[in-house]
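Engineer: pasting the structure only:
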């Protein structure tokens, strides 16, 4: 029996409620995760709008990093890493 594919509601449920590490189990799940779409869904709520915007500002992060940060998993370390990368980039 084939395992069901994860859907947007599964990712949002994991981020907002049960905090299941969906992307840790299978690499195929990481390919199904679409950060922009998830961040767009999160941006409709006042408590997540700024976080969604910050995640959209760092599109070069891989899907797993974006998902983990959305679940506040290692958020401080990740945002420190992002800030250091932004400091290293040449200013336009």
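Structural biologist: Cool, got the structure. Being a predicted model, the structure only gives us computed values, none of them experimental.
Engineer: how many neighbours does residue 24 have?
Structural biologist: 13 (other C-beta atoms under 10 Å). For the C-beta atoms, the positions are set from N, CA and C on the backbone; glycine is no exception.
Engineer: which strand or helix spans it?
Structural biologist: Counting by DSSP states H and E, the secondary-structure element that holds residue 24 is helix 22-25.
Engineer: any stretches of the protein with poor pLDDT?
Structural biologist: For the chain, applying pLDDT under 70 flags the ranges 1-3, 73-81, 88-92.
Engineer: got a list of what residue 64 touches?
Structural biologist: When contacts are counted by C-beta atoms under 8 Å, 6 or more residues apart in numbering, residue 64 touches 23, 30, 33.
Engineer: from these, pick the one nearest residue 12.
Structural biologist: residue 33 (10.9 Å; C-beta to C-beta).
Engineer: where's residue 19 relative to residue 25, distance?
Structural biologist: Distance of residue 19 to residue 25, given as C-beta to C-beta, to the nearest Å: 14 Å.
Engineer: ok, now residue 4?
Structural biologist: 13 Å.
Engineer: now the common contact residues for these two.
Structural biologist: Counting by C-beta under 8 Å, 6+ apart, nothing touches both residue 4 and residue 25.
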